[in-house]
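Chemist: Got a sequence here, can you build the structure:
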Amino acid sequence: MIEFFKEYLPYLKNYKRKLFLAIFGMILVSISTAAVAYLVKPVMDKIFVEQNVTMLYILPIFVILAFFGKAVGSFLSSYYLTFIGEDVVRIIKNKMLKHIVSLDLDFHLNIHSGELISRITNDISRIKSAIASDAISFVRSFFTIIALIVVVVYQSPKLALFSIVIIPMAFFPIKIISKKIKILSKESQEQNSKLTSSLSEIFNNYEMIKAYNSQDYEQKRFEKENLNYFKINMKSVKQQQLLSPIFEILGAISIVSVILFGGREVLITHELTTGGFFSFLTALSLLLDPIKKISNSYSKFQIAVAANERIKEIMMHPVMIKTGYKKIEKINNLKFKNVDLLYGNKKALNNINFTAKKGEVIGFVGDSGGGKTSVVNLLLRFYDPSNGSIYIDDKDLKYFDLKDFRNHVCVVSQRVYIVNDTIAANIAYGKDRDDKKIQYALEKANLWDYVKNLDNGLDTVLDESGTNLSGGQRQRISIARALYRNPDILILDEATSALDNKSEASIMKTIYAIKDELIVFIAAHRLSTVKNSDKILVFEHGNIVCEGNIDFLKETCESFKKLYMGHNLV
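Modeler: Numbers count the residues shown, from 1 in each chain. As a prediction, this is how the structure comes out:
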């Protein structure tokens, strides 16, 4: 637990004034609570025993001041520590997302998106609870215990030693229970991740669920995971609630002991006044509550520690694709030299060699799994070659600044990303808005006639995933987005698969019209998409088996002929 707070202490340097006010508030609460307990003695002795009328009017003022101080201190400590906790959690969320989006494609392919959502929301929320709520209770209770012990010892050192010695008896069961809570909390968080993943799958695939009438199936799957989550949480609650009866029993033993032995000092030896005894008893009673709160906070800290371990698993995950430092002015040529690519132990590409120059259109064809997408992943530097190298203008791609390189490359794939924002924001995605450039990009993507007739034109808001557009329109938005960025390398990965032949022909005409300023790569199954390419690479089982233009391939390449049998190649 100490290590947990050590990790978050550096964040506090930005909140010195607020931290000072929070600590001042906690000290004020503890002193005021102790004052309330101490005031019981003069109230009993002066007002009820000595029947001092003057004190009848004076002492209530001090009681009010004590409660007022407690109220002010409680506000200061709660508000400022909550502010600090919430802001620290906000910073952690930002850092975590920044790290997650910097991680390699391989990481994202091997972890469910629902798992990541759970870690960045649910797990961090548990840390927020520890920093913003449990920490307040723990520290405030600690100061209160110190102040009340001073009162208890002041009123009767002998009784104080006798009664307080019982308290350490609670630490052993607290330690055992807290360990169990930590284990159960980790299980709970993992189960919650499964729940989030299940919901993510349901909401992302609702069309298939309805089409296959699988609502009941998905409901049963969710209910099963939800029941497991409930069972784990109830085990954790059971352990947490065990702390309360332990303290109640120990508190009862302590108070009964004080009544027996303290009563003897009042009635027989007269070492303690009635007011002093009740002041002692009040302080001891008040002492039990902060001790109970500390134990509860300690057990809840175990939940945060478990959550923090899961967050660190993500934050400690290394970025494997390292950036270089060279900047790019313009990309004129690109070269693959003896490139191999492994996915784990599986070889995806074997000894790939080709060169592409500005002004060329290079087509990739082949059966599914042949290696086309793997080459696209290397072109975007989602992966680095297992062997061999990729060169830009005769310099190894690894030496270039990764962010700068990707600013010069655009990809349009089958999977179209549409944000719940305006058409203009979707086209200019990640860049400043320029309506003239947006219009030009939409015209080239054959979508401007549609957009200009909308009531709000470029400011029309698209639904989540672009559900208020057709599949072809979504694809054109993606193509326009790529053209808007004016890249040096344009990659079309089945980019026209959702378009009709006429729309595809129009867009390909645009691509060929601007190709002199670009290197264009087209991965496609349709022959019509790649037929005019300057060079076509035929992939088979991770190898380039043929290379050339369509006229050369249809004469010499058997693999190409098999792919497009029936397309009137000869």
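Chemist: and residue 18, that's in a helix?
Modeler: Yes. According to DSSP: H, G, I helix; E, B strand; the rest coil, residue 18 belongs to a helix.
Chemist: Just give the number of residues close to residue 389.
Modeler: Neighbourhood size, residue 389 [other CB atoms under 10 Å]: 15. All C-beta spots, glycine's among them, are computed from the backbone N, C-alpha and C.
Chemist: what sits up against the helix or strand harbouring it?
Modeler: Residue 389 belongs to strand 387-392 when assigned by DSSP states H and E. Strand 387-392 is contacted from outside by 328, 331, 333-340, 351-352, 378-379, 396-398, 400, 405, using CB atoms under 8 Å, 6 or more residues apart in numbering.
Chemist: Now do the strands in the stretch 251-400 of the chain.
Modeler: Using DSSP state E, counting those that start in this stretch, the strands of the stretch 251-400 of the chain run over 333-343, 346-357, 361-366, 387-392, 395-396.
Chemist: Averaged over its residues, which helix or strand of the chain has the lowest pLDDT?
Modeler: Within the chain, no helix or strand scores below helix 157-164, which has a mean of 72 by mean pLDDT, DSSP states H and E.
Chemist: So for residue 31, what's the nearest residue that isn't a sequence neighbour?
Modeler: Excluding the flanking residues, the one nearest residue 31 by CB to CB, 6 or more residues apart in numbering is residue 147, at 5.7 Å.
Chemist: my read: that neighbour touches residue 36, true?
Modeler: No. Taking CB atoms under 8 Å as the definition, residue 147 is not a contact partner of residue 36, at 10.3 Å.
Chemist: Have a look at the two and say which one is more surrounded.
Modeler: A count of neighbours by other CB under 10 Å puts residue 147 above the other of residue 147 and residue 36, at 24 against 21.
Chemist: Below-threshold pLDDT in the stretch 451-570 of the chain: ranges please.
Modeler: Scanning the stretch 451-570 of the chain for pLDDT under 70 picks out 498, 565-570.
Chemist: Contact partners for the one residue sitting closest to the centre of the chain?
Modeler: The centre of the chain sits closest to residue 120, judged by CA atoms, centre = their mean, with a distance of 2.1 Å. With contact set as CB under 8 Å, 6+ apart, residue 120 has these partners: 93, 96-97, 100.
Chemist: before we move on, the earlier item: just the buried subset of the contacts of strand 387-392, written out for ChimeraX, thanks.
Modeler: Listed next is the ChimeraX selection for buried residues among the contacts of strand 387-392, using 16 or more other CB atoms under 10 Å:
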select :328,331,334,335,336,339,352,378,379,397,398,400,405
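Chemist: related to what we said a few turns ago, of all the strands of the stretch 251-400 of the chain, which lies closest to residue 176?
Modeler: strand 333-343 (46.0 Å; CB to CB).
Chemist: and that closest one, what's its mean pLDDT?
Modeler: On average, the pLDDT along strand 333-343 is 94.
Chemist: Tell me the strands beside it, with direction?
Modeler: Each strand paired with strand 333-343, and its direction, by DSSP bridges: strand 346-357 (antiparallel), strand 387-392 (antiparallel).
Chemist: Return the distance of it from the chain's centre.
Modeler: Taking CA atoms, centre = their mean, to the nearest Å, the mean C-alpha location of strand 333-343 is offset from the chain mean by 34 Å.
Chemist: Could you do stretch 404-422 as well?
Modeler: On CA atoms, centre = their mean, the centre of stretch 404-422 falls 22 Å from the chain's centre.
Chemist: Ends of that stretch, what's the gap?
Modeler: Terminal residues of stretch 404-422 are spaced 26 Å apart (CA to CA, to the nearest Å).
Chemist: what's the answer for stretch 373-387, then?
Modeler: End-to-end for stretch 373-387, by CA to CA: 18 Å.
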